[in-house]
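K.L.:
predicted model follows, preceded by the sequence.
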Amino acid sequence: MKNKGFLYFVLQVKRKAKMLPRVLALTLALLLTLGAAGYVIYKNSVNDTMANVITMGIAGEKDDRLIDVCVGAINSFDSLRFAVRAVKLTEEEARENLIAGMISGYIVVPENYARDLYYGKDTSLKYVSISGASGLGMTLITEIIDNTAKAGLETTNAIYGAQYYVRDHFPGKNVSDAGDRLFERIAALMLTRQDTYRTKTLGVSGHSSLITYMICGLMIVYLLFWGVSCSPLFRAGGELSCMLSARGFGATRQIAGEAGSYIVLMALCTLPVFLIAKAAVFFAHIDIGDFAALLSGKAIALYFLCAVMLCLMQLFLYELARDAISAPLLQFLNAVVQGYICGCFYPQAFFPESVSAFASHLPVGVAVRLSGDASTGAVVETVLYGALFFTATVILRLRVIRRREAQS
Amino acid sequence: MKAIRRLCLWYGILTKRVLKQKVYLAILLLIPLTVFAIRLMPDGSGGLLSVALARLGDDAFSVETIDRLTSGKSVIKYTAYETEDAAIDAVRSGKCDVAWIFRKDAGAQMDRFAAGRSTDGAVTVVEREQNAILNLSSECLYVAMIPYVAYGTYSDYLEDMAGETLPEDELREYFNAVVRRSSLIDYYYLDGTRVESGDLLTAPVRGLLAMIILLAALASCINVCREEQMGIFERLSGRRRAFLPLFCHVTAIVPTAIACLAALYFSGLWVGWQRELLTMLLYVIGVAAFCEILRVLCRSEVTLGAIIPVLMTLMMVLCPVFVALDRAHILQYCMPPFFYLNAALNTGFLARFALYDCAVFGAAAAAVLIRRRING
């Protein structure tokens, strides 16, 4: 009987291996594309070139000093140079560039803006965007613009305050000169702003760096999406299960064989990911935080443990919904919802503490924890989840077999 | 009239076929429920980055800056700690990404800085690592200091000019005389619609729902491939058989689209019945046609299954689901979610979306007819 069980496993592996070449080829294509894009971005950031993700236009009167302040402020923010770039344009040019997709948005500085501010008129800048998603990108841009605007606001207060003061108290002095001198002082301080704080780095021992965390998250998302691609392997109806059961292959043996072959297929599709990553680190001399630690034997073993648990979860979902439409939808919904709230797409701090705490105990949350921090608790939770999904799948299969037997 | 009745009959039959799956119905219910649950999450306590704040002294600069940071709305989550050690422990344990410790003489150091003299730094930034987001947070730290810097420089400049110490009240009055608004920026879309400030947690929901609708269509493609192999549509006449898959996709997409509309309604991202229904209608047509092209090109359920993760990942990156990228415009203009996500909030995009639908529908019809001719 043991040999028959193994035979079923081998048969399942052969069946699943039929789709392997196509899945593998497309996986490799995707990874190579992502890898090449990532490498170019990484190299550009290292070389400090202007390979910006977001380009922002500043539109208004060409010789307006405030526009120069805004452009200068955005471009001088060291941390943003990689992500955001500001360019000076007319409103018409900005509009055309925005429609053509050359810029993400533009700030319009109204005519006589500086004068209106000076005379205390209620005036404001306008940020125009075409982005349909008021998503994270927009939130980030809003934060950057708000910060720039706040800096501009305080600078304006200081300049105009000084000009008023000079006008009222120093009649012989040139009001405009006073404003210019003060502006120069503030601009000079802006360049030496790093002097206002001292940085102390503790190191990432015991925890993964942000980049490693995000890579781990993406690997888990990749695994979850990979599960969607396996939907053609599963068919609705339980005729085969019932027949196998009648011949002595119980539900446990069936699930063990199917899970084993599913895991083998997953391992064959995942292995190239590590090989490509290893090769990239070796040949391209990539040195991002503790990224190399991700490719250690221990990290790969932990990732494999996560993958086995996630495979069992996917198998359970396939047992729950086997028809061609519900099955991939359920897999995708599970991937997106769990991936989202467990922090695969965003840094951990994105969600409120209570939600993060809850999500960290969900299957994907446990996988994220395990891939970044190999604590005993996370390992035990992973094993427990694996056992739970296996048992639940067996119970569901038993129900299918019994229902079929009752029908016949 | 007869043709319309027959169309409705076919639509009813095909929809019934999809809806008889209890799990599918459960998934449809789950979509708005999940979004509603996300909406119920406590707002404002999350962010892209978590910053621990602590002060060693009681000077006005430290107290006011910490108050301003913890009370303002930002993508950075600020938490005030009682002691320096507690803040550093929060960083060490991974609870926070960075700690800003305001030194005992922070105010005096800022005065020195504003006067252009050398300084030992007013704040100690303690972090586990250095990365782009942490660097951005440092800029936010400087912006938080700017009111102090601007006022300090202003008063220092005027006192230099006067050659004596000037009264604080008078200086403050002049400083606050011109601009009092908290923000100088208003946000608009290209069509003039004002951008409402969004909730960070539900921000990517519209994009993810668009992906779910797309996946429903791709799943329908797999189903049609399987049924074609089984010869289910063999008895239908040639032309009807050729266009039936497109109809099948629509019947699979429409219930999912309704569930997604319900989810959008609960998410707080709803932009009005007219706009939502129109963009969703265009999206359903676009997605059905787009997926039919893929089905004709891929021809087998295994290949279709294999391209799903690639396609979904690509669309999530290139379409404005999480971030709007200004890259790969040609690829973006091939993707239905790109049009949907832009058109939903920008009426200027509706005409382009309609054009895209016409083009993709024409391409799908051409692909089906070519395939039919090849197959004889």
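P.N.:
Right, received. Where do you want to start? Numbering: from 1, shown residues only, chains lettered A, B, ... in the order given.
K.L.:
is it true that B:Thr124 lies in a helix?
P.N.:
No: counting by DSSP: H, G, I helix; E, B strand; the rest coil, B:Thr124 is not part of a helix but strand.
K.L.:
what about it, distance to B:Ala87?
P.N.:
Per Cβ to Cβ, to the nearest Å, B:Thr124 is found 10 Å from B:Ala87. Quick note: C-beta positions are derived from backbone N, CA and C, even for glycine.
K.L.:
likewise for A:Tyr164?
P.N.:
Computed as Cβ to Cβ, the A:Tyr164 to B:Ala87 distance reads 41 Å.
K.L.:
joint contacts of B:Thr124 and B:Ala87?
P.N.:
Each of B:Trp100, B:Ile101 lies in contact with both B:Thr124 and B:Ala87 under the rule Cβ atoms under 8 Å, 6 or more residues apart in numbering or on different chains.
K.L.:
which of those two has more neighbours?
P.N.:
Set B:Thr124 next to B:Ala87 and count neighbours by other Cβ atoms under 10 Å in any protein chain shown: B:Ala87 wins out with 26 against 21.
K.L.:
so where is chain B shaky, pLDDT-wise?
P.N.:
Scanning chain B for pLDDT under 70 picks out the ranges B:42-47, B:129-133, B:135-136, B:178-184, B:195-200, B:325-327, B:376.
K.L.:
from memory B:Thr83 sits against B:Ala52, does it?
P.N.:
No: judged on Cβ atoms under 8 Å, B:Thr83 makes no contact with B:Ala52 at a distance of 10.6 Å.
K.L.:
ranges for the helices of chain B?
P.N.:
B:2-19, B:22-40, B:60-71, B:84-92, B:106-114, B:132-162, B:168-175, B:205-230, B:238-267, B:273-298, B:301-318, B:329-332, B:336-343, B:350-375 (DSSP state H).
K.L.:
I'd like those as TSV, with distance to chain A appended.
P.N.:
Formatted as TSV, the helices of chain B follow (distance: least, Cβ to the nearest Cβ, whole Å):
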stretch	distance to chain A
helix B:2-19	6
helix B:22-40	4
helix B:60-71	10
helix B:84-92	6
helix B:106-114	6
helix B:132-162	3
helix B:168-175	4
helix B:205-230	4
helix B:238-267	6
helix B:273-298	9
helix B:301-318	4
helix B:329-332	5
helix B:336-343	3
helix B:350-375	10
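K.L.:
could you identify which of those helices is most buried?
P.N.:
helix B:336-343 (a mean of 26; mean count of other Cβ atoms under 10 Å in any protein chain shown).
K.L.:
that one versus helix B:205-230: what angle between them?
P.N.:
150 degrees (axes from the mean of the first three to the mean of the last three Cα atoms, to 10 degrees).
K.L.:
elements contacting helix B:336-343?
P.N.:
With contacts defined as 3 or more Cβ pairs under 8 Å, 6 or more residues apart in numbering or on different chains; DSSP states H and E, helix B:336-343 has these neighbours: helix B:205-230, helix B:273-298, helix B:301-318, helix B:350-375.
K.L.:
and the second one, what does it pack onto?
P.N.:
Contact partners of helix B:273-298 among helices and strands, from 3+ Cβ pairs under 8 Å, 6+ apart: helix B:205-230, helix B:238-267, helix B:301-318, helix B:336-343, helix B:350-375.
K.L.:
helix or strand: which one has A:Ala335?
P.N.:
For A:Ala335, the host element (DSSP states H and E) is helix A:326-341.
K.L.:
what does A:Ile107 give?
P.N.:
A:Ile107 is part of strand A:105-108 when elements are defined by DSSP H and E.
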